[in-house]
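*Asks:* For reference, the sequence and a predicted model appear below.
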Amino acid sequence: MFPCLDTLVMANNNLSSIQDSKDILQRLFPKLRSINLHNSGLNQWEDIEKLNFFPRLEEVRLQGIPLLQAYTNAERRSLMIAQLPSVSLLNGSAVSDSEREDAERFFIRYYLDYPEEELPYRYHSLVNKYGKLEPLAEIDLRPRCRAQVEVHCEEKVEQLSIRLDQTVAELKKQLTTVVQLSTNSMRLYYIDKGSAFGPEEMKYNTRALHSYSIQDGDEILVVSKTK
């Protein structure tokens, strides 16, 4: 028995599982606060769950174990935090309340499509806490590739599909065949149909069009510099 043991370092060893029961771990290590299992052979989530049996455990170090090799760094940390509700220091980094909540919600969503018999015990307690969460919507934050705009030049109006990854200078070249003006003789204005503000002059030839947040239905006004 180790009634006063505070820190246990078991890094770089062949430990492949934690076989002792909850009662035994609680009795043998009543005051264990920190455990280091870096580069051990743990390869099952059941072994991680058993760390919760140490009644005073606050700090865990668990890098380089076979179990975590298939996960990304973010997945590893979130799944570990969610599995260890009493641990406040994981791999040397403090666990904040907000990080814990995010990790626990991630844990629920991670296991949403798993069959009932494969769900970890922790899943059910977190569902009781947060409910059965819906998957997060996938949001594509990349700039849009194209937009359908109206090009206005004097009385002429043309519908035009433009690439948003091109620059203002490249757009001017595209417009030469539409408005019959040279690139040097045209001035461009962007009109956001959903905005209360007026036209915005597109002054800088090297500026990318997607930086204007151009949407379908917006307008490009072409004005001759001679007028």
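*Replies:* Arrived safely. Numbers count the residues shown, from 1 in each chain.

*Asks:* make it CA atoms for all contacts and neighbour counts henceforth
*Replies:* Fine.

*Asks:* Mind splitting this structure into its structural domains?
*Replies:* Using the TED database, the domain parsing of the chain gives 7-130, 146-224.

*Asks:* so how far does the longest one reach from one end to the other?
*Replies:* With CA to CA, to the nearest Å as the measure, the ends of domain 7-130 fall 33 Å from one another.

*Asks:* got TSV for the domains of the chain, with distance to residue 1, mean neighbour count and mean pLDDT too?
*Replies:* Formatted as TSV, the domains of the chain follow (distance: least, CA to CA, whole Å; neighbours: other CA atoms under 10 Å; pLDDT from 0 to 100):
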stretch	distance to residue 1	mean neighbour count	mean pLDDT
domain 7-130	5	16	93
domain 146-224	66	16	90
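
*Asks:* How far does stretch 194-202 sit from its chain's centre?
*Replies:* Distance of stretch 194-202 from its chain centroid, counting by CA atoms, centre = their mean, to the nearest Å, is 33 Å.

*Asks:* same question but for stretch 36-53, I mixed them up
*Replies:* Between the centre of stretch 36-53 and the centre of its chain there are 26 Å (CA atoms, centre = their mean).

*Asks:* cool, and stretch 4-12?
*Replies:* Offset of stretch 4-12 from its chain centre (CA atoms, centre = their mean): 34 Å.

*Asks:* Next one: residue 24 relative to residue 35, how far apart?
*Replies:* Residue 24 sits 17 Å away from residue 35 when distances are taken as CA to CA.

*Asks:* same deal with residue 98?
*Replies:* Noted for residue 98: a distance of 24 Å to residue 35, by CA to CA.

*Asks:* And for residue 215?
*Replies:* Note on residue 215: its distance to residue 35, by CA to CA, is 55 Å.

*Asks:* cool, residue 147 as well?
*Replies:* For residue 147, the distance to residue 35 equals 56 Å [CA to CA].

*Asks:* One more: residue 113?
*Replies:* Computed as CA to CA, the residue 113 to residue 35 distance reads 32 Å.

*Asks:* before we move on, which element is the residue nearest the centre of the chain in?
*Replies:* Nearest to the geometric centre of the chain sits residue 74, at 8.7 Å (CA atoms, centre = their mean). Element membership for residue 74 (DSSP states H and E) is helix 73-83.
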